[in-house]
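> no FASTA, just this:
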């Protein structure tokens, strides 16, 4: 059953979408809308738009949209009920329990309970005489007992079903343990622990929930690392290890490194703003998560070849954000953990303080790429350097131009002329890109749906328009009598049209929040796009009637039967 109507109405009145989105996105007011950089895809030119009159949002870059509930669902990776609960709690409301289908939410909560109990089990076992092997490993890595306790580190016994038995005694079923990823199905139909004879690192989200685990072997057996697979409570591409602690200490910057152990060692050494990815290379989702908590990132990747490849990939991700990037030069060890243990905290702190900014690092990388002893190499270096400087501030440009002029023996005025040409080209590209985003967003869905539903673009545009007109001008409802919704080409259009008609007939609101439970995230995004592009009409009823005429005509054209397809009797009946 859907949520109580009066509850949704009160939640709507107590929830302002800009207040909900502002902690995640820096918004700038533009008349009746607010704009910012989209948190769901990387961009430098704002495409993310918040509409105050309809309490909705829509990104013209990636096509994601919705209401406040839809935003919280996506940004916090929650299901519908949990997103509503979060907003209700924020508004000081209690969600009604009658008629609420929260089966998915309950499954997620059970997973979190199992993870919490598993973390306690691993830690308790490690602190027992039987788990000394795991404790000795962490102590040998220079960790104190206080740090071990702080991060909830543990050890999985060298047995096949020790955790399984422990959780079973607590009342958890096999299906729930499988949901959490702490056990697996065996070939003979039984079950066994996912983690066996491994030191365990729990992964905790920003709300303090244990969402997953990372396990490492103590010998040379393979695989060296085993990590929790994605579950209802965990998606590794969306999480950052250590962010639950770092988020309170990262106002100036976040330190991003590669491994759990690096983060733990750095926190112990006082660098409590450090985080790492969760068993995967850096993702766009993690970059967007970082941008919610800081404006500067220090990339501390391993000094080996693999680490430098990961660093270059990370730089490409950050290039499409407005985050400031710094890259230190690491010496005396292959990673932060080793450097801190070998050289000490102060030496490592000095390396961080001397980190190059993104521009310096990029120019240094270019110098290593070209032979500056040759004319061709110098020309190519300058050409590439000006592209880099085109995205920097005027003060930075002046400083770097002076330095390049001295280093290369080239007149600063000549370098400045080439830079200005690059800036002009870059601005033109940016304007064209922004214009294309708006144009493409208006046709992207109709073209896609036209292909999927074998419908003309004209019909799909007419369908989108009648939906938009119905929402803006409810009086158009009177023109729908006798119209068969099955003539609409897509299941989406039929579904939304019928919901709107039903709500109008019952004298209920047709605000976007009323569609959040019945539409999928993708459907809600499409409806948000329709609303975002829904212009006013001087003659709404006439336009609505014209659109219905187009839909009827296109339907008849598609379903008309030619004389060649008729039976002899049907053909003869035409002349009676």
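Here it is on my side, so go on. Bear in mind that the values here come from a model prediction, so they are computed numbers and not experimental data. Numbers count the residues shown, from 1 in each chain.
> can you tell me how far the residue most central in space within the chain sits from residue 147?
Centroid-nearest residue in the chain, with C-alpha atoms, centre = their mean: residue 285, separated by 3.9 Å. As defined by C-beta to C-beta, to the nearest Å, residue 285 lies at a distance of 28 Å from residue 147. For glycine as for every other residue, the C-beta is placed from the backbone atoms N, C-alpha and C.
> now swap in residue 322 and tell me
From residue 322 to residue 147 the distance is 34 Å (C-beta to C-beta).
> Among these two, which residue is more densely surrounded?
Between residue 322 and residue 147, counted using other C-beta atoms under 10 Å, the more crowded position is residue 147 (17 against 12).
> Please name the nearest non-neighbouring residue to residue 62.
Once flanking residues are discounted, residue 62 sits nearest to residue 41: 4.2 Å by C-beta to C-beta, 6 or more residues apart in numbering.
> From the contact counts, what lies against the one helix or strand residue 379 maps to?
Using DSSP states H and E, the element containing residue 379 is helix 375-389. Under the contact definition 3 or more C-beta pairs under 8 Å, 6 or more residues apart in numbering; DSSP states H and E, helix 375-389 sits against helix 358-369, helix 394-408, helix 412-453.
> coming back round to it: what about the helix or strand harbouring the residue nearest to the centre of the chain, average pLDDT?
Assigned by DSSP H and E, residue 285 falls within helix 284-291. When pLDDT is averaged over helix 284-291, the result is 84.
> With stretch 232-244 instead?
The average pLDDT for stretch 232-244 rounds to 90.
> same check, this time on stretch 349-366
86.
> Not counting its own residues, what contacts it?
255, 271, 298, 300, 315, 318, 324-331, 339, 381, 384-385, 388-389, 392, 396, 400 (C-beta atoms under 8 Å, 6 or more residues apart in numbering).
> Ends of it, what's the gap?
End-to-end distance for stretch 349-366: 27 Å, by C-alpha to C-alpha, to the nearest Å.
> Would you mark the buried spots in the helix or strand hosting residue 529?
Element membership for residue 529 (DSSP H and E) is helix 521-532. Residues 523, 524, 525, 526, 527, 528, 529, 530, 531, 532 are the ones in helix 521-532 that count as buried (16 or more other C-beta atoms under 10 Å).
> Distance from the chain centre to it, please.
18 Å (C-alpha atoms, centre = their mean, to the nearest Å).
> Tell me the spacing between the residue nearest to the centre of the chain and residue 296.
Where residue 296 is concerned, residue 285 sits at a distance of 20 Å (C-beta to C-beta).
> three-state assignment of residue 517?
coil (DSSP: H, G, I helix; E, B strand; the rest coil).
> hang on, I meant residue 45
Per three-state DSSP, residue 45 ends up coil.
> and it, how far is that from residue 28?
Taking C-beta to C-beta, one finds residue 45 at 13 Å from residue 28.
> just checking, next helix/strand downstream of the helix holding residue 529?
helix 540-559.
> Against which helices or strands is that following helix packed?
Using 3+ C-beta pairs under 8 Å, 6+ apart: helix 540-559 touches helix 457-472.
> quick one on the thing from earlier: now the angle from the helix holding residue 529 to helix 457-472?
80 degrees (axes from the mean of the first three to the mean of the last three C-alpha atoms, to 10 degrees).
> And for helix 521-532, what's in contact with it?
Contacts of helix 521-532 (C-beta under 8 Å, 6+ apart): 49, 51, 54, 56-58, 60, 63-67, 70, 73-74, 441, 445, 464, 467-468, 471, 492, 495-496, 512, 515-516, 519.
> now do 6 Å
Applying C-beta atoms under 6 Å, 6 or more residues apart in numbering, the external contacts of helix 521-532 come out as 54, 56, 58, 63-66, 70, 445, 464, 467-468, 492.
> between those, which is closest to residue 179?
Nearest to residue 179, judged by C-beta to C-beta, of the contacts of helix 521-532 is residue 70 at 24.8 Å.
> Now do the helix or strand containing the closest one against helix 521-532, angle only.
Element membership for residue 70 (DSSP H and E) is helix 68-76. Angle, helix 68-76 to helix 521-532, by the same axes, to 10 degrees: 130 degrees.
> got the contact list for residue 172?
residue 114 are the contacts of residue 172 under C-beta under 6 Å, 6+ apart.
> ok, now how distant is it from residue 533?
Distance from residue 172 to residue 533, by C-beta to C-beta: 49 Å.
> any weak-confidence spans in the stretch 451-576 of the chain?
Residue ranges of the stretch 451-576 of the chain with pLDDT under 70: 451-455, 560-576.
> ok, 90 please
Along the stretch 451-576 of the chain, segments meeting pLDDT under 90 span 451-461, 472, 481-482, 485, 489-492, 502-503, 505-524, 531-538, 554-576.
> Could you do the stretch 201-350 of the chain as well?
206-207, 219-222, 232-233, 235-238, 247-253, 258-259, 277-295, 301-324, 329-335.
> got the residue ranges for the strands in it?
210-217, 225-227, 240-241, 254-257, 274-277, 296-300, 324-327 (DSSP state E, counting those that start in this stretch).
> What are the buried residues along the longest one?
Along strand 210-217, these residues count as buried under the neighbour rule (16+ other C-beta under 10 Å): 210, 211, 212, 213, 214, 215, 216.
> May I see those organised as JSON lines, with distance to residue 244 added?
Putting the buried residues of strand 210-217 into JSON lines (distance: C-beta to C-beta, whole Å) gives the following:
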{"residue": "210", "distance to residue 244": "10"}
{"residue": "211", "distance to residue 244": "10"}
{"residue": "212", "distance to residue 244": "13"}
{"residue": "213", "distance to residue 244": "15"}
{"residue": "214", "distance to residue 244": "15"}
{"residue": "215", "distance to residue 244": "19"}
{"residue": "216", "distance to residue 244": "20"}
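> What is the nearest of those to residue 477?
Closest approach to residue 477 among those (C-beta to C-beta): residue 211, at 46.1 Å.
> before we move on, back to that, out of the buried residues of strand 210-217, the closest to residue 556 would be?
Using C-beta to C-beta, the buried residues of strand 210-217 come closest to residue 556 at residue 211, 54.1 Å.
> how near is that closest one to residue 278?
9 Å.
> Now for those two: what residues contact both?
residue 203.
> Surely residue 82 and residue 104 touch.
No - with contact defined as C-beta atoms under 6 Å, residue 82 does not count as touching residue 104 (8.5 Å).
> What pairs with the one helix or strand residue 34 maps to, parallel or antiparallel?
Using DSSP H and E, residue 34 falls within strand 33-36. When pairing is defined by DSSP bridges, strand 33-36 lines up against strand 28-30 (antiparallel), strand 48-51 (antiparallel).
> Buried deepest among these, which one?
strand 48-51 (a mean of 22; mean count of other C-beta atoms under 10 Å).
> what does that one contact?
By C-beta under 6 Å, 6+ apart, strand 48-51 touches 17, 18, 21, 33, 34, 35, 36, 38, 57, 58, 59.
> So residue 427 versus residue 414, what's the distance?
21 Å.
> in the helix or strand harbouring residue 121, what's buried?
Assigned by DSSP H and E, residue 121 belongs to helix 103-126. The neighbour-count check on helix 103-126 (16+ other C-beta under 10 Å) flags 105, 107-108, 110-119, 121-123, 125-126 as buried.
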